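> Sequence below, structure please.
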Amino acid sequence: MADLLVGPLRSVRTASGQQAREVNRRSVLHAVASGTAVTRADLARLTGLTRPTISSLIDQLVDDGLVVEAGPGESAGGKRPTLLAIDAGARQVVAIDVGTDVVVGLLSDLAGRPLASGTLHEPMHGDELVAALADLIEDLAAQASAPIAGVGIGTPGLVHADGTVVEAANLGWHDRPLGAQLQARTGLSVWVANDADAAALVEFGRLPEGRDGLALVRIGAGVGAGLVLGGRPYAGSRAAAGEVGHLVVVPDGAPCSCGNNGCLETVASLRPILAAGGFDLAHPPTDLAALLAAGGAPVRAALDLAADHLGSVVAHMIAIVDVSDVVLSVEIPGVGEALAERVRQVVGDCLLPRLAHDVDVRAAVDAEDLVLDGAHALVLAGELGMVRP
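From the prediction side, this is the model:
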């Protein structure tokens, strides 16, 4: 995930002096955080920067408290080098997972270790939700014991790179400059991304070496996909890549919040699956077993219907963008695994055999925390130019 987030480590010598120094600083910080370079000599070899430049940058990072000298390393025949490491406690991060019915916030250190949390349980929309988010951020920031590096937010909907939520129908947001509004209210740097895109960054970092593409399908109150293509996140020209939840899959089907009928959300989100067992998003079951115990055959039928439509849409995504890894993210334990099994079958039936053979469809690891992890990664990458140490 390192190159995905911050680009190549080689310094940019064509930039202005100040720009070049910032690029070099971020490259050095990234290298230390990712463990690809742990001594000054390592950094010089990896970045192509001179030893004096490396020493100057490290001195600055040590003064800032971000880097510490962690003791002597192994000698290669001469003086033992000094090992470098990130001080995970030097800065703290506020991460927010904006759900349609529940909003979860977390204060953590640079390594992602939780320090405080907060939750908004009441469904809110529009201005009311923005005000509640600002209050939650300020509450968490007030509990910080180190400077706040920034705020990362994962939200449903189309999200522009400048932090504007172009469209989030379930939240009542249309052309909402969310990042700018929250930054003005809290005084903190705010980074906003689509929730599935944020989660995709985390899952992509877990892929084996050599896998450079991934589609993460997040299934909750709605359905959305985050794409990583060629090792980099792909949002499309209008930030709409992966907005599969509002594809019409059942002509003349049930009404959708977007105004159309029969969207994928109406048959493959958690709403119809939970309803089949007598649950709703505000009061979900603890796991798949509890869901099946309450609903039995109707729940199985709802899961099969959801997986059939998901499988068809996923097969089309694979055929169009040629990804080999598909991850289904569902926060209720067991549901993602149940869907993945049938989605895998449907994908296999829809694709050319040679394509289907190399496709891996699986449930996400720790789906409940994926968006929070992705929001945390947004801040580290955007504000500091580093991956989680």
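> Can you give me the neighbour number for residue 236?
11 (other Cβ atoms under 10 Å). For every residue, glycine as well, the C-beta is placed using N, CA and C.
> Compute the distance between it and residue 35, please.
The gap separating residue 236 from residue 35 is 33 Å, by Cβ to Cβ, to the nearest Å.
> secondary structure class for residue 196?
helix (DSSP: H, G, I helix; E, B strand; the rest coil).
> no no, residue 271
Residue 271 ends up helix, using three-state DSSP.
> Distance check, it against residue 36.
For residue 271, the distance to residue 36 - Cβ to Cβ - is 44 Å.
> domain ranges for this structure?
2-86, 92-198+370-384, 208-364 (automatic domain parsing).
> hang on, residue 363 packs against residue 336?
Yes - at 3.3 Å, residue 363 and residue 336 qualify as touching, with contact defined as Cβ atoms under 8 Å.
> Please identify which of those two sits among more neighbours.
residue 336 (23 against 19).
> any idea how far residue 300 is from residue 220?
20 Å.
> and those two? which has more neighbours close in?
residue 220 (28 against 14).
> Now for that one: which residues touch it?
Going by Cβ atoms under 8 Å, 6 or more residues apart in numbering, residue 220 touches 99, 100, 156, 269, 270, 281, 330, 331.
> contacting residues around stretch 35-46?
2, 9, 28, 31-32, 47, 49-51, 54-55, 58, 73, 81-85, 389.
> From residue 387, how far out is residue 47?
16 Å.
> ignore the last one, residue 224
For residue 224 relative to residue 387 (Cβ to Cβ), the value is 24 Å.
> Select from the contacts of residue 220 the one having the most neighbours.
residue 156 (27 neighbours).
> Give me the phi and psi for that one.
phi -60, psi 160 (degrees, to the nearest 10).
> ok, now the one 3 residues further on?
Main-chain dihedrals, residue 159, degrees, to the nearest 10: phi -120, psi 120.
> how about it, what does it touch?
Contacts of residue 159 by Cβ under 8 Å, 6+ apart are 165, 166, 192, 193, 194, 197, 235, 239.
> now the strands for the stretch 51-200 of the chain?
67-72, 82-86, 92-98, 103-109, 114-120, 148-155, 158-159, 165-168, 173-176, 190-194 (DSSP state E, counting those that start in this stretch).
> what does the fourth one contact?
Contacting residues not belonging to strand 103-109 are listed as 88-89, 91-97, 114-120, 129, 132-133, 136-137, 139-141, 143-144, 146, 372, 376 [Cβ under 8 Å, 6+ apart].
> can you check the second one too?
Under the criterion Cβ under 8 Å, 6+ apart, residues 29, 32-33, 37-40, 43, 58, 66-73, 110-111, 386, 389 lie in contact with strand 82-86.
> and if you look at the fifth one?
Applying Cβ under 8 Å, 6+ apart, the set of residues contacting strand 114-120 from outside is 92, 102-109, 132-133, 136, 139-140, 143-145.
> repeat that for 6 Å
With Cβ atoms under 6 Å, 6 or more residues apart in numbering as the test, strand 114-120 has contacts from 103, 104, 105, 106, 107, 108, 132, 136, 139, 140, 143.
> Kindly reformat those residues as JSON lines containing distance to residue 342, neighbour count and pLDDT.
Shown next, in JSON lines, are the contacts of strand 114-120 (distance: Cβ to Cβ, whole Å; neighbours: other Cβ atoms under 10 Å; pLDDT from 0 to 100):
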{"residue": "103", "distance to residue 342": "31", "neighbour count": "22", "pLDDT": "95"}
{"residue": "104", "distance to residue 342": "29", "neighbour count": "21", "pLDDT": "96"}
{"residue": "105", "distance to residue 342": "34", "neighbour count": "23", "pLDDT": "97"}
{"residue": "106", "distance to residue 342": "33", "neighbour count": "23", "pLDDT": "98"}
{"residue": "107", "distance to residue 342": "39", "neighbour count": "22", "pLDDT": "98"}
{"residue": "108", "distance to residue 342": "35", "neighbour count": "22", "pLDDT": "97"}
{"residue": "132", "distance to residue 342": "37", "neighbour count": "14", "pLDDT": "97"}
{"residue": "136", "distance to residue 342": "37", "neighbour count": "20", "pLDDT": "98"}
{"residue": "139", "distance to residue 342": "42", "neighbour count": "14", "pLDDT": "98"}
{"residue": "140", "distance to residue 342": "39", "neighbour count": "24", "pLDDT": "98"}
{"residue": "143", "distance to residue 342": "43", "neighbour count": "13", "pLDDT": "98"}
